[in-house]
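> Predicted model, plus sequence, below.
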Amino acid sequence: MSKSSQDVAAAHPFSLADVPLLMAKADLKKIEASARHTFGRVLARCTELAGMSHKEAAGRLGTDPSQFARWVSGLENPPVWRFHQDARLGPALIVAQAEASENVQVTTQILIRQHKEIA
């Protein structure tokens, strides 16, 4: 047997009818700016790992150095897919992101395959 909403309301001494409805607000601009600034440091590390200047990286990504500077400073969001399309910047970005993560350990491993000499 189900109770009607009136029965349920009568059983509870408090009513939400008198509570004003308000929208919850979060200051997302501060959070977003902080995240962009943090990612800008990742981009700077990425270019360092790739052995490039910001000007060189901007050229490889098809953008001007002032645009690249806005990405690195955190003023604007970069199109990350451009980095991943580049043979040097893509892998460097992955390593830079891993280094910036607290729960990731970056290990560099060099494997040398020795070829058998043909007699």
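Done, it's in. Numbering: from 1, shown residues only.
> going forward, measure contacts and count neighbours with C-alpha atoms only.
Noted.
> secondary structure element for the residue lying closest to residue 57 once chain neighbours are set aside?
Excluding the flanking residues, the one nearest residue 57 by C-alpha to C-alpha, 6 or more residues apart in numbering is residue 47, at 6.6 Å. The secondary structure element spanning residue 47 is helix 28-49 (assigned by DSSP states H and E).
> tell me which strands and helices the next helix or strand after that helix is in contact with?
Heading C-terminal from helix 28-49, the first helix or strand you meet, by DSSP H and E, is helix 54-61. Secondary-structure packing of helix 54-61 (3 or more C-alpha pairs under 8 Å, 6 or more residues apart in numbering; DSSP states H and E): helix 28-49, helix 65-73.
> Which positions in helix 54-61 come out as buried?
Of all the residues in helix 54-61, those buried under the rule 16 or more other C-alpha atoms under 10 Å are 54-55, 57-58, 60-61.
> Repeat that for stretch 59-75.
60-61, 65, 68-69, 71-74.
> Next, format the residues you listed as JSON lines and append pLDDT and distance to residue 22.
JSON lines is the format used below for the buried residues of stretch 59-75 (pLDDT from 0 to 100; distance: C-alpha to C-alpha, whole Å):
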{"residue": "60", "pLDDT": "96", "distance to residue 22": "49"}
{"residue": "61", "pLDDT": "96", "distance to residue 22": "45"}
{"residue": "65", "pLDDT": "97", "distance to residue 22": "45"}
{"residue": "68", "pLDDT": "97", "distance to residue 22": "41"}
{"residue": "69", "pLDDT": "97", "distance to residue 22": "40"}
{"residue": "71", "pLDDT": "95", "distance to residue 22": "36"}
{"residue": "72", "pLDDT": "96", "distance to residue 22": "38"}
{"residue": "73", "pLDDT": "94", "distance to residue 22": "36"}
{"residue": "74", "pLDDT": "92", "distance to residue 22": "32"}
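> Can you tell me the SS state at residue 82?
When classified by DSSP: H, G, I helix; E, B strand; the rest coil, residue 82 comes out as helix.
> Just give the nearest non-adjacent residue to it, would you?
residue 61 (6.1 Å).
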